[in-house]
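Trainee: mind folding the following:
(4 chains)
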There are 2 protein chains.
Amino acid sequence: MTLLPRTIRDQVTEQIRDEVVAGAFPPGQPLREVEFARRFGVSRGPVRDAFLQLAKEGILAYQANRGVTVRQPPKPENRELIVSLRRQIECFVVERGVGSLQRDGLARLVERLENLRVACESADAAAVARRDIEFHETLLVLCGGEDFVPVWKWLCSQMLLAYSRLDDYEQVYQEHAAILEAIRAGKKTAVLASLEANVQ
Amino acid sequence: MTLLPRTIRDQVTEQIRDEVVAGAFPPGQPLREVEFARRFGVSRGPVRDAFLQLAKEGILAYQANRGVTVRQPPKPENRELIVSLRRQIECFVVERGVGSLQRDGLARLVERLENLRVACESADAAAVARRDIEFHETLLVLCGGEDFVPVWKWLCSQMLLAYSRLDDYEQVYQEHAAILEAIRAGKKTAVLASLEANVQ
DNA sequence: CCCCGATAGATTGTTAACAATCTACAGACC
DNA sequence: GGTCTGTAGATTGTTAACAATCTATCGGGG
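Mentor: Purely as a prediction, here's the structure:
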């Protein structure tokens, strides 16, 4: 159901986000509009829009007339709160909404898990990060938590900036498979437990 | 120290945000770029940027090729979590940072409180909301919580969408005066208590 | 009577040119 | 030597024109 991003702006935004969270640029490095515009074969407009959006998302820092830079990862003492807030949102929403999941909702989760499996096998850090996020986002929306998606995404971006790379892809897949299995079995406490284990 | 927003985009963003949170447009109403561009006497570019930014902030909802609409307020069952998350952020940051407040930091808080007082006396709902947010944001940054500002602002926007209008301006001022007084007295537990009382 | 496709108008998406601002560097002045 | 000023280049901010997409309406066909 969720279509691919169709506008150039959305595609550019997605691409830059992937590169940044994959660690392609060191924190503090300025990103130039013309450079990205040339590389993607578009004009500066969509790149500007993407920079502004990613600045609002918290992975780029914006200064008037001076462009954007890759944001510093959050301070270590703030990380635990970031993780805690994300976990609270997911658990709060899932706890109340997982019971009303329909069959087609489950099918979409299966699809997301399959995407994650492929990404894990190819050991592509950026792809794993993206598919990981997509799995959780789908679950969040299906459980009626669309109100929280923007703030939840911000928290995820900060976590990605901090960790930058997870190494054990097999474990990543297993953790998500466990979440889906618990959902399928209809055991709410198991769902929440596997969620808490995964979000950290 | 915090300069006025200088770019046209920032001014337009601020103005539209004020109007929306003040309830100038009913939820669901589409906002047209040309209309706002004409009204502010600028071109569509900065208005577009403002729309995109406010969509990321969670005040407006964006659909490709169909523009933006005023976002529906969050569902009642989600509000308590939104308030709780905001309170956790403020208390977490202030608890650790309020002790290291310098004299000039205190002076800036006094300035913000004065702005709030003026807004309350003029009974201008949009101004009160803005000054209220500015007071808390200053406190947050001074206590070392700049990492959290974007996500915190999103939570505040959602709260404003839900409540839309506080009626007792005198009480609003008194609550913030109490926070500042507790900070001045150096009583951390009193600061946190007055904060919790205010954020709800 | 209802449904489907064509058309016109409105609206957003993208582009390229122009304006404003910032940064770096060189030379004058103290 | 150090500081200030001004100039040139680079970069972002803004604008207006053009392209793509969507919405509403009107006919024709079943």
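Trainee: enumerate the residues of chain A near DNA strand D.
Mentor: Residues of chain A lying close to DNA strand D by C-beta under 7 Å from any atom of the strand are A:30-34, A:44-45, A:48, A:64-68. The way it works is simple: take the backbone N, C-alpha and C, and place the C-beta from them, glycine included.
Trainee: wait, what's in contact with the residue of chain A found nearest chain B?
Mentor: Ranked by C-beta to the nearest C-beta, the top residue of chain A for proximity to chain B is A:Lys56, at 3.9 Å. Residues counted as contacts of A:Lys56 (C-beta atoms under 8 Å, 6 or more residues apart in numbering or on different chains) are B:53, B:56-57, B:150.
Trainee: can you pull out the residues in contact with the helix ranked longest in chain A?
Mentor: Assignment by DSSP state H gives helix A:76-97 as the longest helix of chain A. Contact with helix A:76-97 is made by A:74, A:136, A:139-140, A:142-145, A:148, A:151-152, A:155-156, A:158-159, A:162, A:188, A:191-192, A:195-196, A:199-200, B:77, B:81, B:84-85, B:88-89, B:92, B:96, B:145, B:147-148, B:151, as judged by C-beta under 8 Å, 6+ apart.
Trainee: go with 6 Å
Mentor: With contact meaning C-beta atoms under 6 Å, 6 or more residues apart in numbering or on different chains, helix A:76-97 is reached by A:140, A:143-145, A:148, A:152, A:155, A:158, A:162, A:192, A:195, A:199-200, B:81, B:85, B:92, B:147.
Trainee: just the buried ones from the residues you listed?
Mentor: A:140, A:143-145, A:148, A:152, A:155, A:158, A:162, A:192, A:195, A:199, B:81, B:85, B:92, B:147 (16 or more other C-beta atoms under 10 Å in any protein chain shown).
Trainee: for chain A, which spans come out with low pLDDT?
Mentor: Applying pLDDT under 70 to chain A flags residues A:1-5, A:164-166.
Trainee: if we go to 80?
Mentor: For chain A, the stretches flagged by pLDDT under 80 are A:1-6, A:163-167.
Trainee: circling back: just the ones of the contacts of helix A:76-97 in helices?
Mentor: Per DSSP H, those map to helices at A:140, A:152, A:155, A:158, A:162, A:192, A:195, B:81, B:85, B:92.
Trainee: can you name the residue of chain A nearest DNA strand C?
Mentor: A:Gly45 (2.2 Å; C-beta to the nearest atom of the strand).
Trainee: coming back round to it: between the contacts of A:Lys56, which is nearest chain A?
Mentor: So of these, ranked by how close each gets to chain A (C-beta to the nearest C-beta), first place is B:Lys56, at 3.9 Å.
Trainee: who's in contact with A:Leu180?
Mentor: Counted by C-beta under 6 Å, 6+ apart, A:Leu180 has contacts A:109, A:113.
Trainee: go again using 10 Å as the cut-off
Mentor: A:Leu180 is in contact with A:106, A:109-110, A:112-113, A:116, A:135, A:139, A:191, A:194, counting by C-beta atoms under 10 Å, 6 or more residues apart in numbering or on different chains.
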